[in-house]
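Enquirer: Prediction below, plus the sequence it came from.
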Amino acid sequence: MTFSKKDKVKVFSSAQQPGSNPVSFFTGFVVRKCRYFYYRTRESFGQHKRDIVVLRVEEACESLQDTREHFEQALERFKEMVQFDGGSLESRYKLLKRQFEISQNKAQLVSDKIAAIEEVSEALFLEWEAELAHYTNRSLRSRSRQQLKVSRQNYGRLIKAMHRAEAKIKPVLAAFRDQVLFLKHNLNAQAIAALQNELLVIGVDIIQLIQAMEKSINEANAFVSTLVPEKALPGPNG
């Protein structure tokens, strides 16, 4: 990646502003430049921001579905643990710990996918807004502006729904972490039996998590349909 003379002047002058942080500004500038070249490269292969948005929404929905299924499976492992009827407690604990670690990774992946949607959607809407000025046909400009408005509204609902689902993951993950930590230092049948009431609470949290994820996927369908009318994502249970 290379910088033009204009870019260098812009970075230098902005970094000299009172109260500015030259390192932070330069880092942010480089990130924006990298994104610009990334999108330019993708567009050179015929994949525009609109296509990338749809792709990332699809990936986020897949990640939500995968995370939902994993949390349901993890809950079943916890149930098996508290219904201990013989066998090695140590081996069951290790399986449970592994389930928690996978849950952590999947939760982080969901957050990363949501952030990826926000990044490219912001770029798409800025480009869309700027290109409205290029129309010479008022009718087409008006139709495009209206479509942009609808897309932004649907996007707003989608991101809120996804962040809501992301937030629902946190209490489930925290409860799983508590269970694993408790079992680590209390690996006996009596202590395991004491966790049964906690599992009821986790079960309720997972039900709420599933509902939030289904809402996210429904909103994803509505958003994608404004960008690509003939495109439909799989339903929450599809």
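Expert: Great, that's in hand.
Enquirer: Now do the domain split for the protein, please.
Expert: With domains defined by automatic domain parsing, the chain comprises 1-13+20-47, 60-227.
Enquirer: Any idea which of those domains gets closest to residue 54?
Expert: domain 60-227 (5.5 Å; C-beta to C-beta). Backbone N, C-alpha and C define where each C-beta goes, glycine included.
Enquirer: Could you tell me the end-to-end distance of that closest one?
Expert: 16 Å (C-alpha to C-alpha, to the nearest Å).
Enquirer: before we move on, what about stretch 178-191?
Expert: By C-alpha to C-alpha, the extent of stretch 178-191 from end to end equals 13 Å.
Enquirer: tell me which residues of that stretch are tucked away?
Expert: Buried residues in stretch 178-191, defined by neighbour count with 16 or more other C-beta atoms under 10 Å: 179, 180, 183.
Enquirer: before we move on, back to that, make TSV out of the domains of the chain and add mean pLDDT and distance to residue 53.
Expert: Formatted as TSV, these follow (pLDDT from 0 to 100; distance: least, C-beta to C-beta, whole Å):
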stretch	mean pLDDT	distance to residue 53
domain 1-13+20-47	53	11
domain 60-227	88	5
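Enquirer: and these, which is most packed in?
Expert: For those, the largest average neighbour count (mean count of other C-beta atoms under 10 Å) is found in domain 60-227, namely a mean of 16.
Enquirer: so how far is that one from its chain's centroid?
Expert: In terms of C-alpha atoms, centre = their mean, to the nearest Å, the centre of domain 60-227 is set 7 Å apart from its chain centre.
Enquirer: Helices along this protein, start to end?
Expert: 5-15, 22-44, 49-82, 89-131, 138-185, 189-193, 196-227 (DSSP state H).
Enquirer: Not counting sequence-adjacent ones, nearest residue to the residue nearest the centre of the chain?
Expert: Computing the C-alpha centroid of the chain and ranking residues by C-alpha atoms, centre = their mean puts residue 114 first, at 2.5 Å. Among residues not flanking residue 114 along the chain, residue 162 sits closest, at 4.9 Å (C-beta to C-beta, 6 or more residues apart in numbering).
Enquirer: got the contact list for the one you found?
Expert: If you count contacts by C-beta atoms under 8 Å, 6 or more residues apart in numbering, residue 162 has them with 60, 64, 114, 117, 216, 219, 220.
Enquirer: Serialize those to TSV and add fields for distance to residue 172.
Expert: Listed next are the contacts of residue 162 as TSV, based on distance: C-beta to C-beta, whole Å:
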residue	distance to residue 172
60	18
64	13
114	17
117	22
216	15
219	21
220	21
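Enquirer: For residue 190, see how far away residue 199 is.
Expert: According to C-beta to C-beta, to the nearest Å, residue 199 stands 16 Å off from residue 190.
Enquirer: nope, residue 197 is what I was after
Expert: 14 Å.
Enquirer: ditto for residue 137
Expert: 77 Å.
Enquirer: Also residue 119?
Expert: For residue 119 relative to residue 190 (C-beta to C-beta), the value is 50 Å.
Enquirer: can you check residue 116 too?
Expert: Applying C-beta to C-beta, the value for residue 116 to residue 190 is 46 Å.
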